[in-house]
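Provided below are the primary sequence and the corresponding predicted coordinates.
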Amino acid sequence: NRKRVQRLLRTMGIQGTVPGPHTSRPHPTHKVYPYLLQGLELPGANLVWSTDITYLP
C-alpha cells in the first residue's frame, strides 16, 4: 500500500527519489551536424532561412 510505505518512510526520516526525464542524453547512433551559422555576423532579420523535408512513403 502506497500510504503505508509513505508512513514508514516518514517515521524513518527518509525520502524517496523520483528519476527525472533523460531529455539531454544524446543517442549514440544519432549524427551531430555542424552549426553552419556560427561566427557569422547577421546585420538584420530575415536573412537566414531554413527548411526540412520529411518523406513518408
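Cool, got the structure. Since this is a predicted model, take the numbers as computed values, not measurements. Numbering: from 1, shown residues only.

relative to residue 57, how far out is residue 13?
The gap separating residue 13 from residue 57 is 58 Å, by CB to CB, to the nearest Å. Where you see a C-beta, it was placed from the backbone N, CA and C, and this is true even at glycine.

got it, and residue 32?
Taking CB to CB as the measure, residue 32 falls 27 Å from residue 57.

which one's more surrounded, the two?
More crowded of residue 32 and residue 57, by other CB atoms under 10 Å: residue 32, with 6 against 2.

and that one, what does it touch?
Contacts for residue 32 (CB atoms under 8 Å, 6 or more residues apart in numbering) come out as residue 26.

the most centrally placed residue in the chain sits in which helix or strand?
By CA atoms, centre = their mean, the chain has its centre lying nearest to residue 23, at 2.6 Å. Element membership for residue 23 (DSSP states H and E) is empty, with no helix or strand holding it.

and the pLDDT for it?
As predicted, residue 23 sits at a pLDDT of 85.

quick one: contacts for it?
Per CB under 8 Å, 6+ apart, neighbours of residue 23: none.
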